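Enquirer: Dropping the sequence and predicted coords here.
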Amino acid sequence: MKSLLACALAVPCLFAPLPSQEARRATLVELRTAPGRRLGEEVTLTLQFRARSESWNPYLSRFEPGRWLGLSAWPDEVFTWDAPSYDAPLERLFVRRGTPLEETVRRAAPHQRFEATAIVREQFLGEPWIELTALKRLTEEVGEGTLLHVTRARELAFEGNFDLALDQYERARAAPLPPHALAAILEEEFETREARAQAAASTGKKVQKITAPPVDPRKP
């Protein structure tokens, strides 16, 4: 009798739902490079918001403008003070209209960073078409002020005005920045200090690591 009771109690356990697996970590760079590799898989990633899109050609995809709100974003791994990165956001990201996610996207400002849960639903012309199912605002971001100061610092360093360039780098890192962006600015600042020291030690000859004038990524 006890054995039968034990079996009866054990049966429901056989049909208990399995704990859901956490979404795997990915990057927008990875999804762009190989969109088919994570097709249909839920992943988590960090993005930098760029802009909303109300209309587009959905082709044969599920992402009709009447049901979805589009957005573009930069991968968190790229530095938007570099013109090629600034000019190449991902354009095919979507949230469902009429959901809290739509309100989050409508309140978002350019350069704000978000932790996102995403699913590559389709790929077309080599681009992933991505549904975002969750968004969480992050505090640190690389904003317009940082872009301005980094661009100006590079211009000044190229001209040999190292002290003014270092002041601009200091201003660039005054805002709360993600760790990888802060590290990149500190590296450029260190190189500028080295260039200043080499210029001071030389006989009237300025030594610079920058070999081409910088480009402001915000200018067309």
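Expert: Received it, and whenever you're ready, just let me know what you need.
Enquirer: from here on, contacts and neighbour counts on C-alpha atoms
Expert: OK.
Enquirer: what about the residue found closest to residue 147 once you drop the neighbours it is linked to in the chain, which SS state?
Expert: Distance criterion C-alpha to C-alpha, 6 or more residues apart in numbering; nearest residue to residue 147, sequence neighbours excluded, is residue 81 at 5.1 Å. What DSSP: H, G, I helix; E, B strand; the rest coil gives for residue 81 is coil.
Enquirer: Quick check: closest non-adjacent residue to the spatially most central residue of the chain.
Expert: Nearest residue to the geometric centre of the chain (C-alpha atoms, centre = their mean): residue 76, 2.3 Å. Residue nearest to residue 76 in three dimensions, not counting chain neighbours: residue 47, with 4.8 Å by C-alpha to C-alpha, 6+ apart.
Enquirer: which residues touch the helix or strand hosting the one you found?
Expert: Secondary structure from DSSP states H and E places residue 47 in strand 42-53. Strand 42-53 is contacted by residues 23-28, 69-76, 89, 105-106, 108-120, 141 when judged by C-alpha atoms under 8 Å, 6 or more residues apart in numbering.
Enquirer: Can you list which of those residues are found in strands?
Expert: Per DSSP state E, strands hold the following members of the contacts of strand 42-53: 24-25, 69-75, 113-120.
Enquirer: Whichever of those end up buried, select them in ChimeraX.
Expert: Command for ChimeraX that selects the buried part of the ones in strands among the contacts of strand 42-53, burial taken from 16 or more other C-alpha atoms under 10 Å:
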select :69,70,71,72,73,74,75,113,114,115,116,117,118,119,120
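Enquirer: how about the helices of the protein, start to end?
Expert: Secondary structure of the chain (DSSP state H): helices at 2-14, 28-33, 83-86, 100-107, 144-159, 162-172, 179-201.
Enquirer: For these, which has the smallest mean pLDDT value?
Expert: Lowest mean pLDDT within the helices of the chain: helix 2-14, a mean of 39.
Enquirer: Domain map for this structure?
Expert: 23-137, 144-201 (automatic domain parsing).
Enquirer: related to what we said a few turns ago, now that the residue nearest to residue 147 has come up, it's in contact with residue 153, right?
Expert: No: using C-alpha atoms under 8 Å, residue 81 is not in contact with residue 153; the gap is 11.2 Å.
Enquirer: higher neighbour count, these two?
Expert: residue 153 (28 against 22; other C-alpha atoms under 10 Å).
Enquirer: residue contacts, the nearest residue in space to that one that is not next to it in sequence?
Expert: Nearest non-adjacent residue to residue 153, counting by C-alpha to C-alpha, 6+ apart: residue 165, 4.2 Å away. Listed by C-alpha under 8 Å, 6+ apart, the contact set of residue 165 reads 152, 153, 154, 155, 156, 157, 192.
Enquirer: Columns distance to residue 217 on top of these, output as JSON lines?
Expert: Shown next, in JSON lines, are the contacts of residue 165 (distance: C-alpha to C-alpha, whole Å):
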{"residue": "152", "distance to residue 217": "11"}
{"residue": "153", "distance to residue 217": "14"}
{"residue": "154", "distance to residue 217": "12"}
{"residue": "155", "distance to residue 217": "13"}
{"residue": "156", "distance to residue 217": "16"}
{"residue": "157", "distance to residue 217": "17"}
{"residue": "192", "distance to residue 217": "20"}
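Enquirer: Quick one: closest of the helices of the chain to residue 133.
Expert: Closest approach to residue 133 among those (C-alpha to C-alpha): helix 100-107, 7.6 Å.
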